[in-house]
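S.K.: predicted structure and sequence below. I'll ask about it afterward.
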Amino acid sequence: MRTYEQARTSVAAAPGRANHSRRTPEPVLHVLQRTAGNRAVGGYLQHSTKRAADSVLQVDEEPESGGADGDFESTAGHGLASPTSVSGGGFGGLDGFAALARPAVSAAAAIQSGGSAPNGMRLGLTTAPSGYKAPQFEFGTVAAMGATAADPPTFTCTPTWKEHMDEGTNVCWYLAAGKHKSITPSGGKDVFIKLSAAMSSLDEQAEREHADDIRQACAISLKEAETVLKDHVVGKTFPSAATATDAQKHVLDAITANLVHAGLGNDQTTWAATYDRLFMKTGLRDARGWHTFGVTGPPAVTATEIVHTVAAGSTSLGATSSADLIVY
């Protein structure tokens, strides 16, 4: 997601809130250095409550906004990325990533009303997946009596499916080329954001990077677990053991031996959380200023409106692949 960054927003403000205190606007470069240097990047890696990706457009002066500033924001309570409000869903993992969104043009009002709070300077929005599920299996442990009453029982496992993976649903929106009215006026005037075809293309590319990051996170967690279970576990009868625990260990050892990414682990109860932790890393693109747009110069101001024209700013697109960013 991308926004105009508020030059006067204090980094000490509460997450998800703009600081409305007035002070002298900082130069754009200083704002970038300050905000990028003080983002709580570690929070992204520890289940931050901010769960929508955001790129920012830096201007020296801009309308007041309740929106936060360029990090992964929570979509809870905003109707975004919920199974009822977003098309797609169901089990799409083995047939591609049909449920996860790819970049699509959306209206400025929809984009700016999303995220953790409305932000009239937001240019795009990619939300974290919701409704996702990790694949789950039953061990299918069976006890067999010994050949005689004196012989101890043995245990074997023939795992079965309990639930297939679902990567979840989300939204991935950007602005088309043109002049877009902000949801936040300034000084009694309407505010507009103007994008050229080239800037709209960059906007789409930035959202696509977030979408690709989420797909990468799914590929090395939920999808990998699903594939290992399908190819090496479910429907297979494992060697017998003296205890149920030892019999189940044969299953877990098979999962471990066939993982491409050892960090995923063989504990199925952790796979969903691992997916979450991995896709949250896409917020690092915003925290590091890679999706921070700028303006061509001072806004065009008339008696009734203020128009900001978008420029590339400090954007760094295509330099870091999803495979390099989304890692264990």
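M.R.: Arrived safely. Residues are numbered from 1 along each chain as shown.
S.K.: lowest-confidence helix or strand of the protein?
M.R.: helix 28-38 (a mean of 31; mean pLDDT, DSSP states H and E).
S.K.: now this protein, which segments are flagged as low pLDDT?
M.R.: The model of the chain has pLDDT under 70 over residues 1-50, 54-98.
S.K.: tell me, what residue is most central in it?
M.R.: With distances taken as Cα atoms, centre = their mean, residue 128 lies nearest the centre of the chain, 3.8 Å away.
S.K.: and the contacts of stretch 105-112?
M.R.: If you take Cβ atoms under 8 Å, 6 or more residues apart in numbering as the criterion, stretch 105-112 is touched by 1, 67, 118-125, 171, 173-176, 180-184, 193. All C-beta atoms are positioned from the backbone trio N, CA, C, and that covers glycine.
S.K.: what residues of it count as buried?
M.R.: Buried residues in stretch 105-112, defined by neighbour count with 16 or more other Cβ atoms under 10 Å: 106, 108, 111, 112.
S.K.: can you give me the strands in the stretch 101-250 of the chain?
M.R.: 104-105, 122-127, 136-138, 141-144, 154-157, 160-163, 172-174, 178-181, 190-195 (DSSP state E, counting those that start in this stretch).
S.K.: contacting residues around residue 217?
M.R.: By Cβ under 8 Å, 6+ apart, the residues touching residue 217 are 275, 278, 279, 281, 282, 326.
S.K.: which two among the residues you listed are spaced furthest apart?
M.R.: Spatial extent of these (Cβ to Cβ) is set by the pair 275 and 282 at 12.3 Å.
S.K.: I'd like the buried residues of stretch 105-112 as JSON lines, with distance to residue 250 appended.
M.R.: Shown next, in JSON lines, are those (distance: Cβ to Cβ, whole Å):
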{"residue": "106", "distance to residue 250": "50"}
{"residue": "108", "distance to residue 250": "56"}
{"residue": "111", "distance to residue 250": "51"}
{"residue": "112", "distance to residue 250": "54"}
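S.K.: out of those, who's nearest residue 164?
M.R.: Nearest to residue 164 out of these is residue 106 (Cβ to Cβ; 30.2 Å).
S.K.: quick one: the residue nearest to residue 233 when sequence neighbours are not counted from residue 231, how far?
M.R.: Spatially, and ignoring its direct neighbours in sequence, residue 233 is nearest to residue 159 (5.1 Å; Cβ to Cβ, 6 or more residues apart in numbering). In this view, residue 159 and residue 231 are 12 Å apart by Cβ to Cβ, to the nearest Å.
S.K.: those two: who's more crowded?
M.R.: residue 159 (22 against 10; other Cβ atoms under 10 Å).
S.K.: what sits against that one?
M.R.: 137, 138, 139, 140, 229, 233, 234, 235, 236, 251.
S.K.: restricted to buried residues, select the residues you listed in ChimeraX.
M.R.: To isolate the buried members of these in ChimeraX, using 16+ other Cβ under 10 Å:
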select :137,139,140,229,233,234,251
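S.K.: now, which of the contacts of residue 159 sits nearest residue 199?
M.R.: Nearest to residue 199, judged by Cβ to Cβ, of these is residue 229 at 44.5 Å.
S.K.: verify the stated contact: the closest one with residue 255.
M.R.: Yes - assessed by Cβ atoms under 8 Å, residue 229 is found in contact with residue 255 at 7.5 Å.
S.K.: my guess is residue 177 contacts residue 202. True?
M.R.: No - Residue 177 is beyond contact range of residue 202, at 10.9 Å (criterion: Cβ under 8 Å).
S.K.: of the two, who's got more company?
M.R.: Ranked by neighbour count (other Cβ under 10 Å), residue 177 and residue 202 place residue 202 first, with 23 against 16.
S.K.: please list the outside residues in contact with stretch 247-266.
M.R.: Contacts of stretch 247-266 (Cβ under 8 Å, 6+ apart): 139, 141, 155-157, 159, 220-221, 224-225, 228-229, 231-233, 236, 238-241, 271, 274, 328.
S.K.: list only buried entries from those residues.
M.R.: Neighbour counting by 16+ other Cβ under 10 Å classes 139, 141, 155-157, 159, 220-221, 224-225, 228-229, 232-233, 238, 240-241, 271, 274 among the contacts of stretch 247-266 as buried.
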